[in-house]
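# Here you go, sequence then predicted model.
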Amino acid sequence: MIENSASLLRQKLARRQALVVPGCYDALSARIIEKAGFEAVQISGFGLAGSLLAAPDVGLVQMKDILDRTWNIVRAAGIPVMADIDTGGGNAINAAVTTEELIAMGVAGVNIEDQEFPKRCGHMEGKQVISAEEMAGKVRAMADVRSHSGADLVINARTDAYAVYGLDEAIRRSNLYLEAGADMVFIDGIRTREDIERAVREVRGLLSVNLMDAVSGVKTELVPIPELARLGVARVSIPIASILVAHRALEEFFTALRASPTGILAGQTQWVTSFSEYNKFVGLTEYRKMENDYLPHLITEKKLPLRKVG
């Protein structure tokens, strides 16, 4: 956790230089993204659904579970964390209460979307959106909580209207949400470079673009990051790569292990991080130092002698 993470994130986004914000699904994946050199991380609702429930991102994760996982990630990360609260947990009142909890945790930013509940991943078919006015009410409620708390939380309002009504409505909604107090907007599922260019021109505030896995783009054209920076895009999210990478690595390793005639993969070190390297990454050295500082050495370093009874 870092102090003033929201203000730091706000400054980075204000540059409109396509800040790349990968998605994580737990504390470990957040730390790995940080170690790779990224300046901020977002929590992936798609990743949470997969890692917590082995389920698709169709609104099955409970808000308590989202907040619990968010707290763990914020504590572990040394870079600003953007939360994902889907549709806000209900109406504007629910969104306001959830915002209070996020601010208390030290979250830097939050994504909220205008889909009907239960929502679904923005690149899936069959999405429906609530009215723009209802979503604006949620954003206003969140912005009022932020104002009253004195926090600097970045509110990113996502619209899924592009797939339902087209780009004109998505831009209209984006500007309405900015007027309601959002700091940045995100048109999910936007398809082409031309549409991105138009959105940058016509949205009256910061714009985020979603490249999904940075490999296929799913529905959005994969425009190089430097080009998005030249266009003036504020944030580029890559939300689902971490869970897809983990899925591929786990599936391939355990498939190979099961197929091995010996039942082991002796010497095939390409599959795994070494035991010592992993323990170093998660900070075992620091915990061992605490044991030496605060626990009796007989307990931490030696076996206690047996006592004779009687």
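Cool, the structure landed. Numbering: from 1, shown residues only.
# Could you use CA atoms for every contact and neighbour count after this?
Fine.
# for the chain, what spans make up the strands?
19-24, 41-43, 81-84, 109-113, 154-159, 184-187, 206-210, 235-238 (DSSP state E).
# ok, the closest residue to residue 192 other than its chain neighbours - how many residues close by?
Sequence neighbours aside, residue 221 is the residue nearest to residue 192 in space, at 5.3 Å (criterion: Cα to Cα, 6 or more residues apart in numbering). The tally of other residues near residue 221 (other Cα atoms under 10 Å) stands at 17.
# show me what contacts residue 221?
191, 192, 193, 211 (Cα atoms under 8 Å, 6 or more residues apart in numbering).
# circling back to that earlier point, reformat the strands of the chain as CSV; add distance to residue 56, mean pLDDT and mean neighbour count.
As requested, the strands of the chain are exported to CSV (distance: least, Cα to Cα, whole Å; pLDDT from 0 to 100; neighbours: other Cα atoms under 10 Å):
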stretch, distance to residue 56, mean pLDDT, mean neighbour count
strand 19-24, 16, 98, 26
strand 41-43, 16, 98, 29
strand 81-84, 16, 98, 28
strand 109-113, 17, 97, 25
strand 154-159, 19, 98, 26
strand 184-187, 21, 97, 27
strand 206-210, 19, 97, 26
strand 235-238, 18, 97, 24
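# right, and the ones you listed - which one's nearest residue 294?
Closest approach to residue 294 among the strands of the chain is made by strand 81-84 (31.9 Å; Cα to Cα).
# Now tell me what touches that closest one from outside.
Contacts of strand 81-84 (Cα under 8 Å, 6+ apart): 5, 40-45, 66, 70, 73-74, 102, 107-112.
# how about a cut-off of 6 Å?
Residues from elsewhere that reach strand 81-84 (Cα atoms under 6 Å, 6 or more residues apart in numbering): 41, 42, 43, 107, 108, 109, 110, 111.
# and if you look at stretch 158-165?
112, 113, 114, 170, 185, 186, 187, 188.
# how far away is the fifth one from residue 111?
Relative to residue 111, residue 185 is positioned 9 Å away (Cα to Cα, to the nearest Å).
# so what's in contact with those two at the same time?
By Cα under 6 Å, 6+ apart, the residues touching both residue 185 and residue 111 are 156, 157.
# how far away is the residue lying closest to residue 183 once chain neighbours are set aside from residue 6?
Nearest non-adjacent residue to residue 183, counting by Cα to Cα, 6+ apart: residue 155, 5.4 Å away. The gap separating residue 155 from residue 6 is 10 Å, by Cα to Cα.
# Domain boundaries for the chain, per the record?
5-246, 267-301 (automatic domain parsing).
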